[in-house]
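S.K.: Here is a sequence with its predicted model. Questions after.
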Amino acid sequence: MGAQFAAHMNARDSLDAERHDNLASRLWRKDASLWRVSKSDFAAVADRLGWLECIDWMRARAGALCGWAERAASRECERVVLLGMGGASLSPAVMASLFAPAAGRPELQIIDTTNPEDIARAAEGDLRRCMFIVASKSGDTRETLDLYAFFRGQLAARSAGKPPDSQFVIITDAGSPLHKLGESRGAAKIFLNPGDIGGRYSALSYFGMAPAALLGVDVAEVLARARDFCATTKSDSPAKNPALALGLLLGRAALSGRDKLMLQVPRQLRAFGMWVEQLVAESNGKEGKGLLPVLAADDSECDGDDRIVVRIDARAESLAQNADYALRFDQPLQVGAEFFRWEVAVAIAAACLRINPFDQPDVARAKENTLACLQGETRAAPPPLRGEAYDLYLPRGFAEGGDAREIITEFFDGLAPPGYLALLAYLPEEDDIAAKLESLRARAAAASGAAVTLGFGPRYLHSTGQYHKGGPRNGRFILFTAEDSAGGAPVPGRDYTFGALHRAQADGDFAALSTGGAPVLRVHLKADRLRALDAFASALTARPKTQ
């Protein structure tokens, strides 16, 4: 393989000396006994392994796909807006971050939020010169269908007589509700993906490749490099199979208590890091076991007995620094190979942990909680502790009253390795807010010595949300919410607004985490959000953590 695929792992010689139970061979035979599932579920697991053959399947369709993309891009299309959640949005986001649009091709914008302010900004400009991709494997993802309804309504209101459906492209499984809806409305194009490919394993299918083709990416070359790498993943020797080596390293680290996967990626690869985060967290946060992926800012966060460090970079000098696994990613066209490397590695790690990497039970429960909150079926939360900059909500059963600052200090003083803290933001994903939260994340990590993650809702519900509830019970959680001044636009065909949906998702996750017994706070920011975040950061790390 070329240098761009070179990976280096410490202690590889010791791995070669051990028995590996033909893990790679069994994976390629689609042997469901690799993972701990009941015999009755063997067929269901085998039906989620279509991603193993996806590269050849997609290569056979690449020419037609790129021809369609070239014709579609020539129709005065200035912007492609992708509506999706989880794997349906994160792999296109990777492509948009790695590849600038080719000459004459539109930019690609990803909308994977229900935040009313973010949606309102996305609706600005001339939507008549946009193409919309609606992407959902199941075809019934609430956020995706609501976004579809909203932007279709916006187009209908702004386009004088032009059918709005002529600007919509559908990517889904055959027979799904979205497939039927697109057919009934006359969508411009419907791409039907193989039903045996799960959402987070779909990067090399239409979900990732159709948006890439619209950007003008050389899809055939991406798939060719992925195919070349794929050939190495069939060996049962870690020395010859870099994906197997990575998977064994991850799985054995988690089994030994090193269950924080510290991902060090440069800014230009951050979207790829977020894709890895989703794949890892949603695949292995099960039965109290798993790896928590953390996008680490610097080396100081990587020290600790509960951590394993993976460094991904284009620069050789960065890879020479200390890491358990170092991966050189210096060519954008390498991305297909890297998608496949991690898909195989995560499946192998799950085999080591004896868990099913292809289900996501707690993601489904989060959806149920959201619906219950929307329908008013949940009990009212206890009144908050009022403050000047923010209000503090405590879990039901927590002693009411008291001083908010003392509660925050006590909450933080209980944080220490191998525990972790997750900052979960139901806020607009604006640069200044994101910078404040990242500063708070780094500050909390430095003060506590524990791993600290940051996620925006509802995106994280489809990734680390699975780990939060299904992984080891050593997490602490802080949810950030704020009032939307406009209340959010109504969702066509529904009896709620995007503001109500966004709040219901936060309320539902707060209830789920509280019910699970995890230490959790909800911080509701007042009008000046940046000042409120500063005030909370000062309270959170007001004094050194007790030893």
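M.R.: On my side now, so go ahead. Numbers count the residues shown, from 1 in each chain.
S.K.: what are the ranges of the helices in the stretch 301-450 of the chain?
M.R.: Along the stretch 301-450 of the chain, counting by DSSP state H, counting those that start in this stretch, helices occupy 316-319, 335-353, 361-374, 404-413, 431-448.
S.K.: and the gap between Thr409 and Ala100?
M.R.: Thr409 sits 47 Å away from Ala100 when distances are taken as CB to CB, to the nearest Å. For every residue, glycine as well, the C-beta is placed using N, CA and C.
S.K.: Compare those two (neighbour count), which wins?
M.R.: Thr409 (18 against 13; other CB atoms under 10 Å).
S.K.: wait, doesn't the more buried one sit right on Phe536?
M.R.: No: the criterion here is CB atoms under 8 Å, and Thr409 misses it with Phe536 at 11.9 Å.
S.K.: Glu438: how many residues sit nearby?
M.R.: So Glu438, with other CB under 10 Å, has 14 neighbours.
S.K.: my guess is it meets Leu295, correct?
M.R.: No: because the distance of 9.4 Å does not satisfy CB under 8 Å, Glu438 is recorded as not touching Leu295.
S.K.: Find the residues that touch each one of these two.
M.R.: Leu454 (CB atoms under 8 Å, 6 or more residues apart in numbering).
S.K.: picking that back up, pick the most deeply packed of the helices of the stretch 301-450 of the chain.
M.R.: Counting by mean count of other CB atoms under 10 Å, helix 335-353 has the highest mean neighbour count of the helices of the stretch 301-450 of the chain, with a mean of 26.
S.K.: name the helices or strands packed onto it?
M.R.: Applying 3 or more CB pairs under 8 Å, 6 or more residues apart in numbering; DSSP states H and E, one finds that helix 335-353 contacts helix 23-28, helix 87-98, helix 219-232, helix 242-255, helix 270-284.
S.K.: Now with 6 Å, please.
M.R.: On a contact count with 3 or more CB pairs under 6 Å, 6 or more residues apart in numbering; DSSP states H and E, helix 335-353 meets helix 219-232, helix 242-255, helix 270-284.
S.K.: can you state the direction angle for that helix and helix 219-232?
M.R.: 30 degrees (axes from the mean of the first three to the mean of the last three CA atoms, to 10 degrees).
S.K.: any idea how far helix 335-353 is from the chain center?
M.R.: Computed by CA atoms, centre = their mean, to the nearest Å, the chain-centroid distance of helix 335-353 equals 15 Å.
S.K.: Identify the residues contacting it?
M.R.: 23, 34-35, 51, 98, 201, 203-204, 222-223, 225-226, 229-230, 233, 243-244, 246-247, 250-251, 254, 276, 279-280, 283-284, 289, 357 (CB atoms under 6 Å, 6 or more residues apart in numbering).
S.K.: again, only this time at 7 Å
M.R.: The contact list for helix 335-353 (CB atoms under 7 Å, 6 or more residues apart in numbering) reads 5, 23, 27, 34-35, 51, 94, 98, 201, 203-204, 222-223, 225-226, 229-230, 233, 242-244, 246-248, 250-252, 254-255, 276, 279-280, 283-284, 289-291, 329, 357.
S.K.: how deep is the closest residue in space to Gly499 that isn't next to it in sequence tucked in, by neighbour count?
M.R.: Distances taken as CB to CB, 6 or more residues apart in numbering put Gly488 closest to Gly499, at 2.9 Å, once the chain neighbours are dropped. Gly488 is flanked by 21 other residues according to other CB under 10 Å.
S.K.: Return the residues in contact with Gly488.
M.R.: Taking CB under 7 Å, 6+ apart, one finds 116, 497-500, 502 in contact with Gly488.
S.K.: How about Ala160?
M.R.: Contacts of Ala160 (CB under 7 Å, 6+ apart): none.
S.K.: Quick check, pLDDT for the residue nearest to Gly508 when sequence neighbours are not counted.
M.R.: Setting aside the residues directly before and after it, Gly508 is nearest to Asn369 in space (CB to CB, 6+ apart), at 3.1 Å. You'll see Asn369 listed with a pLDDT of 85.
S.K.: Same check on Glu483?
M.R.: 82.
S.K.: likewise Arg200?
M.R.: For Arg200, the predicted pLDDT is 94.
S.K.: quick one: the nearest residue to it once chain neighbours are set aside from Ala69, how far?
M.R.: Leaving aside its chain neighbours, Arg200 sits nearest to Gly87 (3.8 Å; criterion: CB to CB, 6+ apart). Taking CB to CB as the measure, Gly87 falls 21 Å from Ala69.
S.K.: Show me which of those two is the more surrounded one.
M.R.: Neighbour count, other CB under 10 Å: between Gly87 and Ala69, Gly87 has more, with 26 against 22.
S.K.: Does the more buried one touch Leu204 like I think?
M.R.: No: shown here, Gly87 and Leu204 do not form a contact pair, counting by CB atoms under 7 Å, at 11.2 Å.
S.K.: No more questions from me, cheers.
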